[in-house]
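> A predicted structure for the sequence below; I have some questions about it.
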Amino acid sequence: MRNILLNQILLITAFLGLSSAFLIVDSCPVSSPCTCSVSSGIDGNINCGSKSLTNIPNIKQSSSHVSNLYVYFNSNKITVIQNNAFRNLNSINASYIDLLLYSNMIHAIESNAFNGITNTYISLNLDENNLSVLPSAILNLHNLRNLDILQNPLHSLDASFMSNIGRHLTSFSLDLKLFTEWPGELHYLRVLQTLTVKNIQFPHLDINAFHGFENTLTNLTLVSSKLEKVPYAVCHLSHLSSLTFRYDNNLQENKSSIFEPCGKKLSSLTSLNLDSNNLHMFPNVFTLFPSITSLSLYNNKLQYIDITKIPFHSKLNYYEFTV
């Protein structure tokens, strides 16, 4: 009888301990109105987006362990990211954290805001905020891989800042609406693989615009620019596989090519997107890019498709046109 009672006590204790463990693992490290899903062993998310927040709420410690953590603080009214705002995220032990802070009113990030996650692989989205300079706090993110600063009132880039993040940054998104010239500081981005640039305010780029990452860049997106042609600088991108050039009313194929003379073929490129430009004629893209498998010319002013410009031996297997 004593042994049976002891076994029952042990079973009850084990059950309570297991239940407690599950409660700890599944508990949300942020309070309402935020929600989250942070279960050990899988991707997790903390969702504080569109909650009318004016600052980052207290993030509690958690015993959950996830591979990738997606943290949404987008579409709020946050103006300042305070010190230690994300300190307790390290308790989740995520190997990768995606911090989504876009569509706020952030004008400052305090120097120790990223304490606790400085050595974690980070993607940081600060699109559509009020940053007029790049906050030095970002330099504390020693494994920052992706930085999006589109739609911020920046007018220049700091050379020292770019040199520091250039050692590890692989993806960068930048808005040049207030820039008077192409930022030469981009050449510090020595391992860059993906570059998105919006609102280029000048008709031409220097031939060395992509110097520094010409051997690493694979994806280039130029949006809403005033460029008159796809720049010659693209010719230096020896590993470019995807080129997107959209929303440029100055880009039009008439008697001359939309490409500045290159002098060689870029066989590495397989995907070309020329949507929403001012093209009236089918551009001769296969001369420069003979290996294209995907081509999009959606929302242009094409009057007809000249199929003679598509080589018989073309590798094209996806296309989207409007006439």
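Structure received. Residues are numbered from 1 along each chain as shown.
> got any ranges where the stretch 1-150 of the chain has weak pLDDT?
In the predicted model, the stretch 1-150 of the chain carries pLDDT under 70 at residues 1-27.
> one more pass at 50, please.
Within the stretch 1-150 of the chain, the stretches with pLDDT under 50 are 1-26.
> would you map the strands across it?
Taking DSSP state E, counting those that start in this stretch as the criterion, the stretch 1-150 of the chain carries its strands at 35-37, 44-47, 68-72, 80-81, 96-100, 108-109, 121-125, 144-148.
> so for residue 227, which of those strands sits nearest?
With CB to CB as the criterion, residue 227 lies closest to strand 144-148 of the strands of the stretch 1-150 of the chain, at 21.4 Å. The C-beta positions use only the backbone N, C-alpha and C, and glycine is treated the same way.
> restricting to C-alpha, output the closest one in PDB.
C-alpha atoms of strand 144-148 as PDB (Å, rounded to 0.1, in the frame of the first residue of the first chain):
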ATOM      1  CA  LEU A 144      23.600  42.200 -38.500                       C
ATOM      2  CA  ARG A 145      22.800  40.600 -41.900                       C
ATOM      3  CA  ASN A 146      20.000  42.700 -43.300                       C
ATOM      4  CA  LEU A 147      19.300  46.500 -42.800                       C
ATOM      5  CA  ASP A 148      16.300  48.300 -44.300                       C
END
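> change the start of the numbering to 36 and stick with it
Understood, numbering begins at 36; the last thing we discussed is strand 179-183.
> flag every buried residue along the helix or strand that comes right after that strand.
Using DSSP states H and E, the helix or strand that follows strand 179-183 in sequence is helix 194-200. Across helix 194-200, burial judged by 16 or more other CB atoms under 10 Å covers 196, 197, 199, 200.
> possible to save these as CSV with pLDDT and distance to residue 82?
What follows is those, written out as CSV (pLDDT from 0 to 100; distance: CB to CB, whole Å):
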residue, pLDDT, distance to residue 82
196, 98, 30
197, 98, 32
199, 97, 31
200, 98, 27
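> can you tell me which of those residues is nearest residue 83?
Among the buried residues of helix 194-200, and counting by CB to CB, the member closest to residue 83 is residue 200, at 25.8 Å.
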